[in-house]
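Trainee: Fold the following.
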Amino acid sequence: MPESRFDQIWYGGVRPSWLLRVLGWLWRCVAALRSVLYQQRILRASRVTVPVIVIGNLTAGGTGKTPLTVYVARFLQELGHHPGIASRGHGRSSTGLQWVRADSTAADVGDEPLLLQQRTGLPVCVAARRIDAARALVAAGCDVVLCDDGLQHLALARDLEICVVDGARGFGNGLFVPAGPLREPRSRLYSVDLVVINAAADAPLAADVPTGLQMRLVGDLAWPVDGSQAPRPLTEFAGTELHAVAAIGNPGRFFAQLRRAGLTPVEHAFGDHHQYSAADLQFAQGQVLLMTEKDAVKCRRFAAPGHWYVPVEATFEAADTQRLRQRLMALFTGRDLLP
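Mentor: I've put the predicted structure just below:
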């Protein structure tokens, strides 16, 4: 699969143009100014009456925030809490505050909020301002608010920040959007509470990846998008002529996952948050088509019997599991349980 032009510039060693460099410099200046304005309380963050956990990243594109949000939400439920999830609903066509329901469409509420609601069954609220979504969740009885993304959304005060880093790609060329992948400087890592490294089993860590908790995304079952069949192990598709689509921040991660399972799909990458139509998938008519879970929530209404999606789960080694869970529990005990 050929890389996109931005992937070639951000991660492939292609030199960005002077215009991209100027725009990246302007982005960096604006980000620094906003940070100072909030630090000096010239701009003030709004707070809700329950703990707020932000799971974000420093770079444009996917790093594994959504699977980690699912993991954290489930653990909080195990503790007996009632979490809710706040989002802006990137890419949605609706306006105003919206509650995400199981029968919502990605066009109305955004693909990631819909995935999170269907995966967790929790209250999920989208609004242009995350503080509005957070307030609605608290009013609905939630005792902790999770934000999938939002590390740069400083208008909402938070009690815990978790930054997810792509272990294989790191921070690319180290420049700011659009010349590079950075949305904030790497020094921002020193101010977050936890750094989580999304590390693939068979890929070395990039040289600029910091120390952090090691997370792996695992998924070895394919589920029918239309719900008409039982799930199948990915290995059963070995030797089959098949296609794979991905409209996520880093499509290459999904395609690599399939190759690790012994599959050799024809790869089709779409832009992040792409709104699929049936015509987009005509190339796979009558053939097996694999996609991510984020794709599936947008393709379910026109899915064919040969369309399958591959959900992933966030996993940690025992020591990192304990560290993450202790830090989450400390939010409610008021004591820092970490050494």
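Trainee: Walk me through the domains of this protein.
Mentor: The domain map for the chain lists 52-216+316-333, 220-311, with the assignment taken from automatic domain parsing.
Trainee: How many residues are close by Leu221?
Mentor: Look at Leu221: counted by other CB atoms under 10 Å, it has 14 neighbours. (Glycine included, C-beta is placed from N, CA and C.)
Trainee: so who does it touch?
Mentor: Contacts for Leu221 (CB atoms under 8 Å, 6 or more residues apart in numbering) come out as 231-234, 310-311.
Trainee: That one and Glu313: what is the separation?
Mentor: Distance of Leu221 to Glu313, computed by CB to CB, to the nearest Å: 10 Å.
Trainee: Give the next helix or strand downstream of the worst-scoring helix or strand of the chain on mean pLDDT.
Mentor: For the chain, counting by mean pLDDT, DSSP states H and E, helix 5-10 ranks last in confidence among helices and strands (a mean of 87). Tracing the chain C-terminally past helix 5-10 and defining elements by DSSP states H and E, one meets helix 18-39 next.
Trainee: ok now that next one, how far from the chain's centre?
Mentor: Helix 18-39 has its C-alpha centroid displaced from the chain centroid by 23 Å (CA atoms, centre = their mean, to the nearest Å).
Trainee: Same check on stretch 75-84?
Mentor: The chain centroid and the centroid of stretch 75-84 are separated by 20 Å under CA atoms, centre = their mean.
Trainee: Only C-alpha atoms, please: export it in CSV.
Mentor: Presented in CSV, the C-alpha positions along stretch 75-84 are these (Å, rounded to 0.1, in the frame of the first residue of the first chain):
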residue,chain,number,x,y,z
PHE,A,75,-12.1,-1.1,35.0
LEU,A,76,-14.0,1.8,36.5
GLN,A,77,-17.2,-0.2,36.2
GLU,A,78,-15.5,-3.1,38.0
LEU,A,79,-14.8,-0.7,40.8
GLY,A,80,-18.5,0.1,41.0
HIS,A,81,-18.3,3.5,39.4
HIS,A,82,-20.7,5.0,36.8
PRO,A,83,-18.5,6.5,34.0
GLY,A,84,-19.7,8.5,31.1
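Trainee: Of all the residues in it, which ones are buried?
Mentor: 75-76, 81, 83-84 (16 or more other CB atoms under 10 Å).
Trainee: partner strands of the strand or helix carrying Arg216, parallel or antiparallel?
Mentor: Arg216 belongs to strand 213-218 when elements are defined using DSSP H and E. Strand pairing for strand 213-218, determined by DSSP bridges: strand 194-198 (parallel), strand 313-316 (antiparallel).
Trainee: What are the boundaries of the helices in the stretch 201-339 of the chain?
Mentor: With DSSP state H, counting those that start in this stretch as the criterion, the stretch 201-339 of the chain has helices at 251-260, 293-299, 318-333.
Trainee: Now render these as JSON lines, adding mean neighbour count and distance to Gly61.
Mentor: Putting those into JSON lines (neighbours: other CB atoms under 10 Å; distance: least, CB to CB, whole Å) gives the following:
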{"stretch": "helix 251-260", "mean neighbour count": "20", "distance to Gly61": "10"}
{"stretch": "helix 293-299", "mean neighbour count": "25", "distance to Gly61": "13"}
{"stretch": "helix 318-333", "mean neighbour count": "15", "distance to Gly61": "23"}
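Trainee: Cool, thanks, signing off.
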